[in-house]
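Peer 1: Quick one: sequence and predicted model below, then my questions.
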Amino acid sequence: MILDKTFPPDPRVENEAISLINAGHEVFLFCLKYGDEKENEIVKGIQVKRYKSNDFIYKLSALAYTFPFYSNILSKMIFNFLVSNKIEVIHIHDIQIAEATSKANKKLKLKTVLDLHENRPAIMKFYPHLQKFPGKFLISANKWRQKEEEFIVKSTNIIVVTNEAKNEIVERVGVDASKIFVVPNTVSSSYLENAVFQNEILENYKNYFVLLYVGDTGLRRGLQTSIESVSLLKEKIPNIKLVIVGSNSSDEILMKQAIELGIQNFVDFEGWQNESLFPSYIKASSICISPLHRNLHHDTTYANKIFQYMSFGRPLLVSDAISQKNIVERANSGLVHIEKNPQDFADKILQLYADQDLRERLGRNGKQFIEEEFCWEKTSKKLIALYENLSK
């Protein structure tokens, strides 16, 4: 496995590696280090090999497909990793390091699996540093898309996180669908069992009708829609409380919106919290939300939070971003609102508020869906099958 970050933590990399180890494979992980971390270490059975990087190389990574410097520097490290560990198959985590890996593999010609964690070229258009000088002129999302397509064609197999992402690639790039395997970022079956609850959080919200959001709070996540909807709901649901657990540099805009609408007492900005506290917030909630804006990225990926929500049997309200709409409707675990539409969001909340039986039924459906069909133990079988085929 090739990762252009530090490790740990990275839940997807760790989950995939452990599943492959349990299936009888040896997994070596190339990753970077910026301090005095051990060069060689075994983490949960993963043979981690860390290569020294620095802030300059880190900054060059954003320009990976503008100038060749980053790929040239890392390709030498990766070649050393591949040869010294007698690697048989390369598993590339995302496209940022794909060029460097391709250069390192030029002579070795090893089979490669390209693991696309997300539609990076599509989401790059929303990065703040690409909206202004100098990033706007130095980094081209179109060039990243061209490179992504090049590596999709070159790779032995592709891994994506949703069926929608698979369909989009087949249509855009024209590769055979059998080359692409879908491995979603689901939670493990023990996520609920291993949860530890903090009574202070449960007590704090026990008298409220809590709408919960956890995760990154960037504007494209749609929280402006939910904040505006609270102003429409506060008279009909006097004890309503929108609880936002997460942060982003744009949080001032959300806080200002709440103040301008006069609902600051109905919205709690909890900031970023340790993930170990997520179960407490979810248990304290009445409805869990994911009001994503629609775009190519959100339409072809899942917000992992929806699986965390469902694990605890909470009903969902999600926007009509295609992937999450499809999965919620498939599980019958929540309602769907029109993106960027506060009135529709509010109407759906009122529907759920008025019908406790509906909330409980949707919550049960989601919990059952995770337990029986969409936990990591089930969804990782596609990953195991991919490597069984490669071994043959």
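Peer 2: That came in fine, so what should we check first? This structure is a prediction, so every number in the text was calculated from the model and none was measured.
Peer 1: now the strands for the stretch 151-300 of the chain?
Peer 2: Applying DSSP state E, counting those that start in this stretch to the stretch 151-300 of the chain gives strands spanning 157-160, 180-182, 209-214, 240-245, 267-271, 287-290.
Peer 1: Please work out which of those is packed deepest.
Peer 2: Mean neighbour count, computed with mean count of other CB atoms under 10 Å, is highest for strand 287-290 among the strands of the stretch 151-300 of the chain, reaching a mean of 27. Glycine gets a C-beta too; all of them are placed from N, C-alpha and C.
Peer 1: Pairing partners for it, with directions?
Peer 2: Strand 287-290 pairs in its sheet with strand 209-214 (parallel), strand 316-319 (parallel), by DSSP bridges.
Peer 1: residues contacting the closest residue to residue 231 other than its chain neighbours?
Peer 2: Leaving aside its chain neighbours, residue 231 sits nearest to residue 261 (4.4 Å; criterion: CB to CB, 6 or more residues apart in numbering). By CB atoms under 8 Å, 6 or more residues apart in numbering, residue 261 lies in contact with 227-228, 230-231.
Peer 1: go with 10 Å
Peer 2: Applying CB atoms under 10 Å, 6 or more residues apart in numbering, we find residue 261 in contact with 227-228, 230-232, 234, 267.
Peer 1: Which strand residues bridge the residue lying closest to residue 208 once chain neighbours are set aside?
Peer 2: Leaving aside its sequence neighbours, residue 208 sits nearest to residue 241 (CB to CB, 6+ apart; 4.0 Å). In this entry, residue 241 is beta-bridged to residue 210, by DSSP bridges.
Peer 1: What's the separation between the residue nearest to residue 231 and residue 213?
Peer 2: Distance of residue 261 to residue 213, computed by CB to CB, to the nearest Å: 17 Å.
Peer 1: swap in residue 236?
Peer 2: 20 Å.
Peer 1: before we move on, what about residue 190?
Peer 2: 24 Å.
Peer 1: for residue 8, same thing?
Peer 2: For residue 8 relative to residue 213 (CB to CB), the value is 26 Å.
Peer 1: Ok, residue 264 next?
Peer 2: 16 Å.
Peer 1: so the residue nearest to residue 208 touches residue 267, yeah?
Peer 2: Yes: counting by CB atoms under 10 Å, residue 267 is a contact partner of residue 241 at 7.5 Å.
Peer 1: Identify the contacts common to those two.
Peer 2: 211, 230.
Peer 1: Quick one, grab the pLDDT at the closest residue in space to residue 220 that isn't next to it in sequence.
Peer 2: Sequence neighbours aside, residue 293 is the residue nearest to residue 220 in space, at 4.9 Å (criterion: CB to CB, 6+ apart). At residue 293, the model reports a pLDDT of 97.
Peer 1: Then residue 215?
Peer 2: Residue 215 is given a pLDDT of 94.
Peer 1: What count of nearby residues applies to it?
Peer 2: Neighbour count of residue 215, defined by other CB atoms under 10 Å: 20.
Peer 1: Pull the contacting residues for it.
Peer 2: Counting by CB under 10 Å, 6+ apart, residue 215 has contacts 221, 223, 244-248, 272, 275, 278, 290, 303-305, 308.
Peer 1: can you do 7 Å?
Peer 2: 246, 303, 305 (CB atoms under 7 Å, 6 or more residues apart in numbering).
Peer 1: and those, which of them are in helices?
Peer 2: Judged by DSSP state H, those include residue 305 as members of helices.
Peer 1: ok, so of the contacts of residue 215, who is nearest residue 337?
Peer 2: Nearest to residue 337 out of the contacts of residue 215 is residue 303 (CB to CB; 14.5 Å).
Peer 1: Check the gap between the closest one and residue 327 for me.
Peer 2: 10 Å.
Peer 1: One more: residue 299?
Peer 2: Going from residue 299 to residue 327 by CB to CB gives 12 Å.
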